[in-house]
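Colleague: Curious how this folds, go ahead:
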Amino acid sequence: MKPKHSIAVLAAAMAWAMGAQAQCLSDGDVGVLASHYSSRTPAPNFPALTDADGACTRAKFNVLLASSLGKVVGYKAGLTNPAVQKRFNTDKPVWGKLYEGMIQPSGSTVPAAFGARPLYEADMLVRVKDSAIHQARTPYEVLQHIDQVIPFIELPDLVVQAPPQLNGPGVAAINVGARLGVAGQPIAVPVTRGERYALLDALERMDVQLTNDKGELLASGKGSDILGQPLNAVVWIAQALQQEGITLQPGDVISLGSFSPLLPPRAGLGVTATYVGLPGAQPVQVHFK
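Modeller: You can find the predicted model right below:
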């Protein structure tokens, strides 16, 4: 009996050690996280999570967010830029939910302290035309199932006291920091095959620039910085959501990720995102107070 007992003790110790390193956060811990999100104060960091435990924690967090924020209006792909992946010690994207009221019109003024750990970045939205988008496997196929491409400055909130300590699943656990964003004038997806290929080429080659009110460059990136081609983020998230039993609906929007580094806002700063080389794209702006 002694050897069996020793094995059982060892197994329990191993399970405890693994659990101490990474496990789905308890309901109480997720409640604390949601309370800090609501009060816009930094939440305590949690241990590095596995993919499964990050997804489990996100699901609990989303239930609490929905109770206060209401309807889901779309989804966001995060960590789609290799430079941002490196920052969070991962090599793959994550996803979160966007709720009603999160997306404001271009030109909106928001508090510089809009979140516990507020940031801003150049991003882009697409609008879903039909649920067959889940069958898309190429950027061209994505264009058949979206009807708009929308310039977007995302205003994420990394919530925790020490965001650099988050790993990829940890970013998923906080709903990929979804908080706010400002959306510009939509660009309609063209009808003809030639026009669609031209749009794909422009999306990949465009230079996305963030400037301040003086026109000074704050940051920039290329369209290809998102998974080689921005619409690859749609292919990825459509499949990831389907694996979770979530079906995209007409009118849902998808945030594609960061074209630029994540930067901290400050009161009095105005930021403009310009999509150089993307025909029909109007600049999108946000002001911080």
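
Colleague: in stretch 235-248, what's buried?
Modeller: Going by neighbour count (16 or more other C-beta atoms under 10 Å), the buried part of stretch 235-248 is V235, W236, I237, A238, A240, L241, I246, L248. The C-beta positions use only the backbone N, C-alpha and C, and glycine is treated the same way.

Colleague: Only alpha carbons, please: show it as CSV.
Modeller: Provided in CSV are the C-alpha atoms of stretch 235-248 (Å, rounded to 0.1, in the frame of the first residue of the first chain):
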residue,chain,number,x,y,z
VAL,A,235,-10.2,33.4,-41.9
TRP,A,236,-8.5,32.6,-38.5
ILE,A,237,-11.2,34.0,-36.3
ALA,A,238,-14.1,32.5,-38.3
GLN,A,239,-12.6,29.1,-37.7
ALA,A,240,-11.7,29.7,-34.1
LEU,A,241,-15.3,30.9,-33.3
GLN,A,242,-16.8,27.9,-35.1
GLN,A,243,-14.7,25.5,-32.9
GLU,A,244,-16.4,27.2,-29.9
GLY,A,245,-19.9,26.8,-31.4
ILE,A,246,-20.2,30.5,-32.3
THR,A,247,-21.7,31.4,-35.7
LEU,A,248,-21.1,34.9,-37.1
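
Colleague: before we move on, which element is A59 in?
Modeller: helix 51-69 (DSSP states H and E).

Colleague: if we can go back for a sec, what's the most distant pair in the buried residues of stretch 235-248?
Modeller: With C-beta to C-beta as the measure, no two of these lie farther apart than V235 and I246, at 15.3 Å.

Colleague: what's the closest of the buried residues of stretch 235-248 to A273?
Modeller: I237 (21.0 Å).

Colleague: Could you verify that T272 is part of a strand?
Modeller: Yes - under DSSP: H, G, I helix; E, B strand; the rest coil, T272 sits within a strand.

Colleague: what sits against it?
Modeller: Neighbour list for T272: L210, T211, N212, D213, P283, V284, Q285 [criterion: C-beta atoms under 8 Å, 6 or more residues apart in numbering].

Colleague: How about L217?
Modeller: By C-beta under 8 Å, 6+ apart, L217 lies in contact with Q209, L210, T211.

Colleague: Let's see the pLDDT reported for it.
Modeller: Per-residue pLDDT puts L217 at 98.

Colleague: and what of the one 4 residues further on?
Modeller: The score at G221 is 97. That number is its pLDDT.

Colleague: Tell me which of the contacts of T272 fall in strands.
Modeller: The members of the contacts of T272 that map onto strands under DSSP state E are L210, T211, V284, Q285.

Colleague: I'd assumed Y140 was in contact with Y197.
Modeller: Yes - contact criterion C-beta atoms under 8 Å: Y197 and Y140 qualify, at 7.2 Å.

Colleague: Which stretches in the stretch 1-150 of the chain count as helices?
Modeller: Chain-ordered helices for the stretch 1-150 of the chain, with DSSP state H, counting those that start in this stretch as the definition, fall at 2-21, 27-39, 51-69, 82-87, 139-143.

Colleague: sorry, that was for the stretch 151-289 of the chain
Modeller: Secondary structure of the stretch 151-289 of the chain (DSSP H, counting those that start in this stretch): helices located at 168-173, 193-205, 232-243.

Colleague: Just say which of these is most tucked in.
Modeller: Ranked by mean neighbour count, the helices of the stretch 151-289 of the chain are led by helix 168-173 with a mean of 26 (mean count of other C-beta atoms under 10 Å).

Colleague: Give me the helices and strands touching that helix, please.
Modeller: On a contact count with 3 or more C-beta pairs under 8 Å, 6 or more residues apart in numbering; DSSP states H and E, helix 168-173 meets helix 51-69, strand 94-99.

Colleague: Please name the spatially closest residue to D225 (chain neighbours excluded).
Modeller: Counting by C-beta to C-beta, 6 or more residues apart in numbering, the nearest residue to D225 once its immediate chain neighbours are dropped is N81, at 5.2 Å.

Colleague: contacting residues around the one you found?
Modeller: G221, D225, I226, G257, S258, F259.

Colleague: For it, grab phi and psi.
Modeller: Main-chain torsions, N81, degrees, to the nearest 10: phi -100, psi 120.

Colleague: roughly how far apart are it and R137?
Modeller: With distances taken as C-beta to C-beta, to the nearest Å, N81 is found 21 Å from R137.

Colleague: With G170 instead?
Modeller: G170 is 29 Å from R137, by C-beta to C-beta.
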